[in-house]
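Undergrad: here is a sequence together with a model predicted from it:
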Amino acid sequence: MTHAYTPGLRLSEKLQIRKSRNLPLPGDVIVKKGDTVKSDDIVARTNLPGKVHSVNVVNRLAILPTDLRKNMLKKEGDSVVKDEPIAETSPFIKMFKSICLSPITGIIESISDITGQVLLREPPKPVQITAYVDGKVVETIEKEGVVIETSATFIQGIFGIGGETTGELQIIVNSPDDIVKPDDINETHRGKIIAGGSIIYSDAIKKAIDTGVKGIVVGGIRDKEINELLGYDLGVAITGSEDINITIIITEGFGQIGMAQKTFDMLKKREGSVASINGATQIRAGVVRPEIIIPYDDEETSGKSDKNESTADEESAGISIGDQVRIIRNPNFGVLGKVKDLPSELQTIETEAMARVLEVEFPDGQTAIVPRANIEAIEE
Amino acid sequence: MAENLNVIVATDCGSTTTKAILIEKRGDEYRQTYRGEAPTTVEAPFEDVTRGVLNAFAELEELSGRKILDGEKIITPAQGNTGVDIYISTSSAGGGLQMMVAGAVKTMSAQSAQKAALGAGAIVMDVIASNDKRLPHEKIERIRDLRPDMILLSGGTDGGTVSHVVELAEFIGAANPRPRLGMTFQLPVIYAGNKEARDRVSDVLKDKTALRITDNLRPLLEMENLGPARLEIQNLFLEHVMAHAPGYKKLMSWTGVPIMPTPGAVGEMIQAIARKDNINVVGVDIGGATTDVFSVFDGIFNRTVSANFGMSYSISNVIAETGIENIIRWLPFEIDEADIRNRIKNKMIRPTTIPQLLEDLILEHAIAREALRLSFVQHKALAVGLKGVQKLKDMSESFDRVTEEETLIKMNNLDLIVGSGGVLSHAPRRSQAMMMMIDAFQPQGITMIAVDSIFMMPHLGVLSTINEKAATEVFEKDCLIYLGPCVSLTNSGKFGSHCLDCVITYSDGKRTEDSLSLGEIKVFELKEGEKAKVEISPANKFDLGEGKGKKLVKEVVGGVVGLVIDARGRPLNLDGSKGKEPMEKVLSEWNNAFDAYPTLPFYEKL
């Protein structure tokens, strides 16, 4: 059978997932292999070096760089507190004495008798890494981090903003084509992740933030809303570190696009469970897509067959005739259909470009020729 | 070795695709004969660049019938239909070479350092200078946060300032930066500043970084010496950056000459072609994420990389930088602004899609014009003469605008523009690529426009370092597609006023006469390689580079699009309010002059 390799977004009801939780700098891992962890448990911690401040002491004291060390009251490595004298002159007449005070509490990092500059460093800043998902520690990497494994529903979005968060999943619309309106959001959604619908506008996003909703999962969003929320026009799709008090994941694309029925049904089925979501997106070499992970707890897992369980690392097999695909460019953007034919020869499309194409059959029986580059496999 | 090369295999390991070409000597000339490609395999699950290279070779073997591999070993030398004489490669996989540069004065040593890094093929993430107005702790945090592949530190002429350079070294030391690849390795730092400060810089940095010291890149105010720093960057690129990237150690053992960063190799090729014909050249490579611009003017080479102007990953940034109105001004039809914004964002998040509708294609071409234009503006700003040098000026020069005075890019002296990258090389009609380049670069006088047919400039660039003849032969015969010469005004005037009369005399004696008004552009038939004499007489106030009202007589050689006479004026004015006709209609007329787009029933209004 003819195949075409077109990577799609993962969508799986039950998947064995491994998440690496790594420190930015070497530090301490505080869980051990085999431990069961909750999403907000701390698994590793380290100290980030403190901010460096510089003081040009020779200018302050009006001395030569070569005389700096003579006038220093502190040496490299010494602790200092804010406003403590670190250097002073010893003139013959005391009233002409000049003193240089420390601008911070920290340590003396270096003293330069060439530039006359003294560098001071603030105390280290502790950083902790949480487990992010409920699961089991299956690997610890000394001083670097851990790997957590969990059995979960796994859905990849196409784009997101905001970082990792967890909360109970709640569907707030009746159908995947509904618009998420401010009236759909109320006080009961505080601390939760709300999902469903084809689009959400600024008024509803604002209401969600004001209510204390932790995350929104929706089919589409306008570029305008993202700009308003961030306060700038997003130039390059590298996101995840925005400080916006909410995480937003879109599953289909920009504009009003109904959430794929399958995605909607899967979220609906897991409503009430705790979901871990991350809006981080990076679309370059080493693609990162936003994710929704809804782990199964022990009771949910026990007694169920794992026969259909797959792993997130499995390679995509490409598409074949009969596969479900989504069209990801105009015309018919966002429409789902089945692959009817995969002709191997190049065909001329409307732009006059020669492209490899496939024939898609829509649910109403109509068909369309689409460049293979413009479809996405619905992967399971 | 260079003389005995009959069969050469070359690859360019890009971020997404590894492209292999076969070059063979047939008779007395070198030709590119076959091409194969495969996905690059630097990242998981493969994490070994050589897998992709072997796959690309396998495709070459299948197409050419030449056996290149014995298992996973390249067969050398070539004998009959087996083996190759040398394997060469470039690489930009994994984001290419990312550097930070530092210098004492922003417009002097720091700028020279930036040029050295760019010329070696790097993306410059930031330029730190003693006078860049950032506070010391801001500089230190920036150095720590960016995680470059290496840092180039310069500053001070030989015998000049020591304290400013040592201060910068202290900032780098305090930041204790970590390299992007390999958590446990020390960051490579190249010192190419005042030689009097070497010991002091070494004291500060030798324990904290992998320090290399090379010749000062600005030994005198009047002199740049970028060669040694560039060479050191490329050596460190191989030793530190490449050696830590998955599979590169093995790849390095296969190649006959060191692997070059892709843009560094393209720069070599542009320089080779400028040298060969003694011409001024501008080259551009517009990719999905970045746009590189190269220029050689009067033998001086410059390269800039606009790291966030591209046609897919960075497409949205083009709009963010230029403003949506600058995109809309190129569209010959009305379209809702919100709709454009959503379409562009959708391209950004699904970067591999291609335009299927003509409307989408025209929109992408509009964005490409702006990406190219902005990248060229950045290039002109960096390709300048040395600052800090005393110059004698007459009164009239003193009144010229500074930017005009300092840039080395003199459009009226430009002989050749070479375009490369998907949107130009793969435009459905060649005339579309020619229009995009003329609109973006706005050449003046007579300029030949060409495109790289299948993006083999990197391969040829590395080849030019061992056999320049082979590289330039293949470049001219198989790589370049000459679109045609463009003859343009160098100034402007009243829209619609009569501005020039032209006579074209073809080699078979046929003559064509025409006259153009300001705002018009016309394409005349002149086939690839065909010669013709053009005589153009501008009206009194108009200038074709010879002086106002002065006649231009030149012999030109044609291309696949033809001979273009551009009487739209410089700078190109897209403000429709000056003409009697709406801008959409004017744009359609320009498109029609080039027969740039098909006329479909739905698009008849175009």
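TA: In hand now; what should we look at?

Undergrad: residue ranges with poor pLDDT in chain B?
TA: The model of chain B has pLDDT under 70 over residues B:1-3, B:43-45, B:94-95, B:181-184, B:387-405, B:576-580, B:600-606.

Undergrad: ok and the residue in it nearest chain A?
TA: Nearest residue of chain B to chain A: B:Asn317, at 3.0 Å (Cβ to the nearest Cβ). C-beta: built from backbone N, CA, C; applies to glycine.

Undergrad: can you check my assumption that that residue lies in a helix?
TA: Yes: B:Asn317: assigned to a helix according to DSSP: H, G, I helix; E, B strand; the rest coil.

Undergrad: skip the chain neighbours and tell me the closest residue to it.
TA: Of all residues not flanking B:Asn317 in the chain, A:Gly235 sits nearest, at 3.0 Å (Cβ to Cβ, 6 or more residues apart in numbering or on different chains).

Undergrad: circling back to that earlier point, the residue of chain B closest to chain A contacts B:Asn308, doesn't it?
TA: Yes: B:Asn317 is within contact range of B:Asn308, at 4.4 Å (criterion: Cβ atoms under 8 Å).

Undergrad: point to the residue nearest the middle of chain A.
TA: By Cα atoms, centre = their mean, the mean C-alpha position of chain A lies nearest to A:Ala280, the distance being 2.3 Å.

Undergrad: element containing that one, please.
TA: Element membership for A:Ala280, per DSSP states H and E: none, as it lies in no helix or strand.

Undergrad: domain assignment for chain B?
TA: Using automatic domain parsing, the domain parsing of chain B gives B:2-93, B:96-248, B:283-384+B:405-603.

Undergrad: let's have these in a markdown table, adding mean neighbour count.
TA: Converted to a markdown table, these look like this (neighbours: other Cβ atoms under 10 Å in any protein chain shown):
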| stretch | mean neighbour count |
| --- | --- |
| domain B:2-93 | 19 |
| domain B:96-248 | 22 |
| domain B:283-384+B:405-603 | 20 |
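
Undergrad: those: which one's closest to B:Gly264?
TA: Of all these, it is domain B:96-248 that lies closest to B:Gly264, at 2.9 Å by Cβ to Cβ.

Undergrad: ends of that closest one, how far apart?
TA: In domain B:96-248, first residue to last residue: 13 Å (Cα to Cα, to the nearest Å).

Undergrad: what's the local residue count around A:Thr348?
TA: By other Cβ atoms under 10 Å in any protein chain shown, 11 other residues sit near A:Thr348.

Undergrad: that one bridge partners, please.
TA: Beta-bridge pairing for A:Thr348 (DSSP bridges): A:Met354.

Undergrad: what score does it have for pLDDT?
TA: With respect to pLDDT, A:Thr348 scores 93.

Undergrad: and A:Thr211, what is it in contact with?
TA: A:Thr211 makes contacts with A:Ile185, A:Asn186, A:Glu187, A:His189, A:Arg190, as judged by Cβ atoms under 8 Å, 6 or more residues apart in numbering or on different chains.

Undergrad: and it, backbone torsions?
TA: Phi and psi for A:Thr211, reported as degrees, to the nearest 10, are phi -80, psi -20.

Undergrad: mutual contacts of B:Asn317 and B:Asn308, please.
TA: With Cβ under 8 Å, 6+ apart as the test, B:Asn317 and B:Asn308 both reach A:Gly235, A:Val236.

Undergrad: ok, residues contacting stretch A:357-364?
TA: In contact with stretch A:357-364 (Cβ under 8 Å, 6+ apart) are residues A:4, A:319, A:325, A:327, A:332, A:335-343, A:346-347, A:349, A:367-372, A:375.

Undergrad: intersect those with the contacts of chain B.
TA: Among those, the residues that sit close to chain B (Cβ under 8 Å from any Cβ of the partner chain) are A:Ile349, A:Val370, A:Pro371.

Undergrad: most neighbours of all those, which one?
TA: Each of those was scored for neighbours by other Cβ under 10 Å, and A:Val370 scores highest at 24 neighbours.

Undergrad: in what helix or strand does that one lie?
TA: According to DSSP H and E, A:Val370 maps onto strand A:367-371.

Undergrad: chain B: which of the contacts of A:Thr211 is nearest?
TA: Taking the contacts of A:Thr211 together and measuring to chain B by Cβ to the nearest Cβ, the closest member is A:Ile185, at 23.8 Å.

Undergrad: residues in contact with the closest one?
TA: By Cβ under 8 Å, 6+ apart, the residues touching A:Ile185 are A:Ile172, A:Ile194, A:Ala204, A:Lys207, A:Ala208, A:Thr211, A:Val213.

Undergrad: apply 10 Å and report the result again.
TA: For A:Ile185, the contacting residues are A:170, A:172, A:192, A:194, A:200, A:204-211, A:213, A:216, by Cβ atoms under 10 Å, 6 or more residues apart in numbering or on different chains.

Undergrad: compare these and tell me which is most surrounded.
TA: Within the contacts of A:Ile185, neighbour counts (other Cβ under 10 Å) peak at A:Ile200, which reaches 31 neighbours.

Undergrad: low-confidence bits of chain A, can you list those?
TA: Where chain A drops to pLDDT under 70, the residues are A:1-8, A:284-286, A:298-318, A:379-380.

Undergrad: quick check, the residue in it closest to chain B?
TA: Residue nearest to chain B within chain A: A:Gly235 (3.0 Å; Cβ to the nearest Cβ).

Undergrad: surely the residue nearest to B:Asn317 and B:Ala320 touch.
TA: Yes: using Cβ atoms under 10 Å, A:Gly235 is in contact with B:Ala320, at 4.2 Å.

Undergrad: returning to what we had before: surely the residue of chain B closest to chain A touches B:Ser306?
TA: Yes: taking Cβ under 10 Å as the definition, B:Asn317 is a contact partner of B:Ser306 at 9.4 Å.

Undergrad: please report the distance of B:Glu473 from B:Leu463.
TA: Distance from B:Glu473 to B:Leu463, counting by Cβ to Cβ, to the nearest Å: 10 Å.

Undergrad: joint contacts of these two?
TA: Common neighbours of B:Glu473 and B:Leu463 (criterion: Cβ under 10 Å, 6+ apart): B:Ile23, B:Tyr30.

Undergrad: and A:Glu88, bridged to which residues?
TA: Beta-bridge pairing for A:Glu88 (DSSP bridges): A:Ile99.

Undergrad: residues contacting it?
TA: Contacts for A:Glu88 (Cβ under 10 Å, 6+ apart) come out as A:Val57, A:Leu61, A:Asn71, A:Met72, A:Leu73, A:Lys97, A:Ser98, A:Ile99, A:Cys100, A:Leu101.

Undergrad: switch to 8 Å and redo it
TA: The contact partners of A:Glu88, by Cβ under 8 Å, 6+ apart, come to A:Leu61, A:Asn71, A:Leu73, A:Lys97, A:Ser98, A:Ile99, A:Cys100.

Undergrad: need the strands for the stretch 201-350 of chain A, in chain order.
TA: For the stretch 201-350 of chain A, the strands defined by DSSP state E, counting those that start in this stretch occupy A:215-221, A:247-254, A:274-278, A:291-295, A:310-311, A:324-327, A:336-341, A:347-348.

Undergrad: and B:Arg198, which of these is closest to it?
TA: If you check each of those against B:Arg198 by Cβ to Cβ, strand A:274-278 wins as the nearest, at 47.3 Å.

Undergrad: in its sheet, what does the closest one sit against?
TA: The pairing partners recorded for strand A:274-278 under DSSP bridges are strand A:164-171 (antiparallel), strand A:291-295 (antiparallel).

Undergrad: return the most buried member of the ones you listed.
TA: Mean neighbour count (mean count of other Cβ atoms under 10 Å in any protein chain shown) peaks for strand A:291-295 among these, with a mean of 25.

Undergrad: what does it rub up against?
TA: If you take Cβ under 8 Å, 6+ apart as the criterion, strand A:291-295 is touched by A:17, A:19, A:133-135, A:150-157, A:169, A:217, A:249, A:267, A:270, A:273-278.
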